[in-house]
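Novice: structure, please.
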Amino acid sequence: MARILGLCLVAGFAFAACLIPGRGAAPEPAIEARLRHPVALALSDTGTRLLIANRCGTISTLDISLRKVIGETKVGGRLSDLTAVRDGRLLATDEEAGEVIELRDDNGTLRLLNRTKVPAFPVCVRCDSEGGRFYVSSLWTHTVTIVESGRQRSVEVPFAPRLLLPLAGSKKLLVADSFGGRLAVIDITTAKVDAVHALDAHAIRGMASGGDKILLAHQVLAPRTPTTAEEMHWGNVIRQEVRSLNLASLAGPGPDILRGSDSRPLGEPGRGAGDPAGLAVGQDGTTVVTIGGLGEIEFGKPKEIAWTRLTIGRRPTAVVLNKDASRAFVADTSSDTIVIVDLPDRKAAATVPLGARPELTSAERGEELFYDAHLSREGWMSCQSCHVDGHSNGGLSDTLSDGSFGAPKRVLSLLGVRDTGPWTWIGGAPDLSGQIHKSLQTTMRSLRVREEQVRDLTAYLQTLQPPPTAHAADDAAIGRGREVFNRHSCNKCHAPPLYTTPKTYDVGLHDEVGNLEFNPPSLRGVGQGGPYLHDGRAETLEDVLLRHKHPGPTPIAADEVKDLVIFLRSL
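Specialist: Numbering: from 1, shown residues only. Down below sits the predicted model:
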């Protein structure tokens, strides 16, 4: 059956042009115009081909010597990652289908071997050095799954996971927070979390091993630095860096994972580095970081004072290096191209298009703008920088959204934002496009805001759906929790079906500039948030209800809180 399905993949869903020794390439049929959005890369076992996982569900095959695409195969619905196994196999995650797809690259022709169901929303897959065991992170279900010989063991982690890294020389797996700055260490033998570490960081989009170091590419938001033009210029509002951590400090539950660590800043006054998006490290220590928001890469070796920075495209994300780290292959997600960079010569040697592209809709143009740090002053941030993948980094930011500086507010999720007006914590923006215009001006400090940009960003944000529920729960507990929700009049401010209302309310909280009334954020997907309340004072939903006595004035009994939290997590 697997052989039949593999033939169907090649013959029925895509074109595949196999190289014939001494004769060049076979004729290629016309390639369908589509937005591919390359998101992950892997080199073939021979190093002669680059395999590209596209968000649209296809895998493109690029012949490196010819510098052209020789095949594209439809394998899934929404691909999110791709990794190569030492024996020539490939593993791809299909976020839409909730599967890991196992394939083999036979001299440029992909053959399907197996599909493995895993917990919903898989976004990263990695394998051990022998290739007999692989690991999968599932974003919204907060799980990491260990798959070996057909057996699955799932481990729940206390955040939405993305990047995974098996720690060399140990039976440990490092897991990075998709939105915030937490790291978890999983013991592979026991399938349990050994330790959870917190970094002053968010949007960890690059993670790699470099000898006895672990390198992370991420951002840091300063919660009490106002978003003025001057503070933006100096890189004080948000900064980007490559953080180096000692492998030994991560392995156990020690309190200080920064001991012996260091960081390399990306960007400098006058030239930011909005949105580091990918990281690769060669055997000689050569490190390449993609600067997704600015269409650039930065690369060098750890002890070099000055690294090289190149403009190579529009939104470079994933990056892999060849064996001797002389060449980098970079996926440009926005332009649907692969850029081949000659590192010794410090130049882009070729840009290879993946295929024809259709004309973009307003929402599709808005998506590109969402990830574009050119919209901000000196390239320090994009919308993505705080609203990671449309969600939230969980941090605080001191913007003019409430009309003044001095009262930093928690960054709200934009998932489902079209239904949550009026906007901002104090409900001061009755129009979503007006709030977008203001954010570009007073948060990102854009030098010029064009109305077509606001229109396209608005169209894109209106496509974002609320996050899925955090955890499955039994119907009886959900029903009891709903009764508690209604009995304590939570539904007055958070009215179903949107679980918000357009008014502002005094709920016994205030901020540093005297605001007493706040607009209730929607509770849809609230289990995917945190921390909570306008200033992030509550770490968990239980803290909101028990420690901070929200909503008051009638306290909620501890046994009722348990059911209420289960209900909230079901929204």
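Novice: what domains does the record give for this protein?
Specialist: According to automatic domain parsing, the chain comprises the domains 362-461, 475-569.
Novice: could you single out the most deeply buried of the ones you listed?
Specialist: Ranked by mean neighbour count under mean count of other Cβ atoms under 10 Å, the domains of the chain are led by domain 362-461, which reaches a mean of 20. Where C-beta positions appear, they are placed from N, C-alpha and C, glycine not excepted.
Novice: any idea how far residue 271 is from residue 465?
Specialist: According to Cβ to Cβ, to the nearest Å, residue 465 and residue 271 sit 36 Å apart.
Novice: do the same with residue 208
Specialist: In this structure, residue 208 lies at 24 Å from residue 271, with Cβ to Cβ as the measure.
Novice: which one of the two has more residues nearby?
Specialist: More crowded of residue 208 and residue 271, by other Cβ atoms under 10 Å: residue 208, with 22 against 14.
Novice: quick one: the more buried one is in a strand?
Specialist: Yes - assignment of residue 208 by DSSP: H, G, I helix; E, B strand; the rest coil places it within a strand.
Novice: leaving out the residues flanking it, which one is nearest to it?
Specialist: Once its chain neighbours are removed from consideration, residue 208 has its nearest residue in residue 281; the separation is 4.4 Å (Cβ to Cβ, 6 or more residues apart in numbering).
Novice: quick one: pLDDT of the one you found?
Specialist: Predicted confidence (pLDDT) for residue 281: 97.
Novice: so it sits right up against residue 287, yeah?
Specialist: Yes - with contacts counted by Cβ atoms under 8 Å, residue 281 reaches residue 287, the gap being 5.1 Å.
Novice: pull up the overlap in contacts between the two.
Specialist: With Cβ atoms under 8 Å, 6 or more residues apart in numbering applied, the overlap between the contact sets of residue 281 and residue 287 consists of 208, 210, 215.
Novice: least reliable of the domains of the chain going by mean pLDDT?
Specialist: Minimum mean pLDDT among these: domain 475-569, a mean of 92.
Novice: which parts of the stretch 1-150 of the chain are helices?
Specialist: 2-12 (DSSP state H, counting those that start in this stretch).
Novice: where does it dip in pLDDT?
Specialist: Judged against pLDDT under 70, the low-scoring parts of the stretch 1-150 of the chain cover residues 1-31.
Novice: give me the below-cutoff pLDDT ranges for the stretch 251-400 of the chain.
Specialist: When residues are selected by pLDDT under 70, those of the stretch 251-400 of the chain lie in 251-255.
Novice: where's the residue nearest to residue 507 when sequence neighbours are not counted, which helix or strand?
Specialist: Spatial nearest neighbour of residue 507, excluding adjacent residues (Cβ to Cβ, 6+ apart): residue 551 at 5.6 Å. Counting by DSSP states H and E, residue 551 is held by no secondary-structure element, helix or strand.
Novice: distance of residue 551 relative to residue 495?
Specialist: 13 Å.
Novice: now swap in residue 122 and tell me
Specialist: Here residue 122 is placed at a distance of 35 Å from residue 495 (Cβ to Cβ).
Novice: likewise for residue 195?
Specialist: Computed as Cβ to Cβ, the residue 195 to residue 495 distance reads 41 Å.
Novice: with residue 74 instead?
Specialist: For residue 74, the distance to residue 495 equals 43 Å [Cβ to Cβ].
Novice: sorry, back to before: same list (the domains of the chain) but as CSV, adding distance to residue 87.
Specialist: Compiled in CSV, these are given as follows (distance: least, Cβ to Cβ, whole Å):
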stretch, distance to residue 87
domain 362-461, 33
domain 475-569, 37
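Novice: for residue 368, give me its contacts.
Specialist: When contacts are counted by Cβ under 8 Å, 6+ apart, residue 368 touches 314, 315, 334, 360.
Novice: correction: the previous question concerned residue 515.
Specialist: By Cβ under 8 Å, 6+ apart, the contact set of residue 515 is 402, 407, 425, 426.
Novice: burial measure for the residue nearest to residue 160 when sequence neighbours are not counted, as a count.
Specialist: Excluding its sequence neighbours, the residue lying closest to residue 160 (Cβ to Cβ, 6+ apart) is residue 178, at 4.6 Å. Here the number of neighbours of residue 178 (other Cβ under 10 Å) works out to 25.
Novice: so where do the helices sit in the protein?
Specialist: Defined through DSSP state H, the helices belonging to the chain, from first to last, are 2-12, 229-233, 247-251, 362-370, 383-386, 432-438, 451-461, 475-487, 490-493, 541-542, 558-569.
Novice: what is the burial count for residue 346?
Specialist: When neighbours are counted by other Cβ under 10 Å, residue 346 comes out with 11.
Novice: just give me the neighbour total for residue 157.
Specialist: Residues near residue 157, counting by other Cβ under 10 Å: 20.
Novice: hmm, residue 85 is touching residue 103, no?
Specialist: No - counting by Cβ under 8 Å, residue 103 is not a contact partner of residue 85; they are 10.0 Å apart.
Novice: against residue 312, how distant is residue 348?
Specialist: Here residue 348 is placed at a distance of 5 Å from residue 312 (Cβ to Cβ).
Novice: do you know how far the closest residue to residue 386 other than its chain neighbours is from residue 227?
Specialist: With sequence-adjacent residues excluded and distances taken as Cβ to Cβ, 6+ apart, residue 386 is closest to residue 411, at 4.8 Å. Residue 411 is 12 Å from residue 227, where distance means Cβ to Cβ.
Novice: need the overlap of contacts for these two.
Specialist: When Cβ under 8 Å, 6+ apart defines a contact, the residues bordering residue 411 and residue 227 alike are residue 397.
Novice: what do residue 85 and residue 103 both touch?
Specialist: Overlap of the contact sets of residue 85 and residue 103 (by Cβ under 8 Å, 6+ apart) consists of residue 91.
Novice: the stretch 51-200 of the chain: strands as residue ranges?
Specialist: Under the criterion DSSP state E, counting those that start in this stretch, strands of the stretch 51-200 of the chain are mapped to 58-63, 68-74, 79-84, 89-94, 99-106, 109-117, 122-127, 133-138, 143-148, 151-156, 161-167, 172-177, 182-187, 192-198.
Novice: now do the buried residues in stretch 275-294.
Specialist: Buried residues in stretch 275-294, counting neighbours by 16 or more other Cβ atoms under 10 Å, are found at 275-282, 286-294.
Novice: alright, I will stop here.
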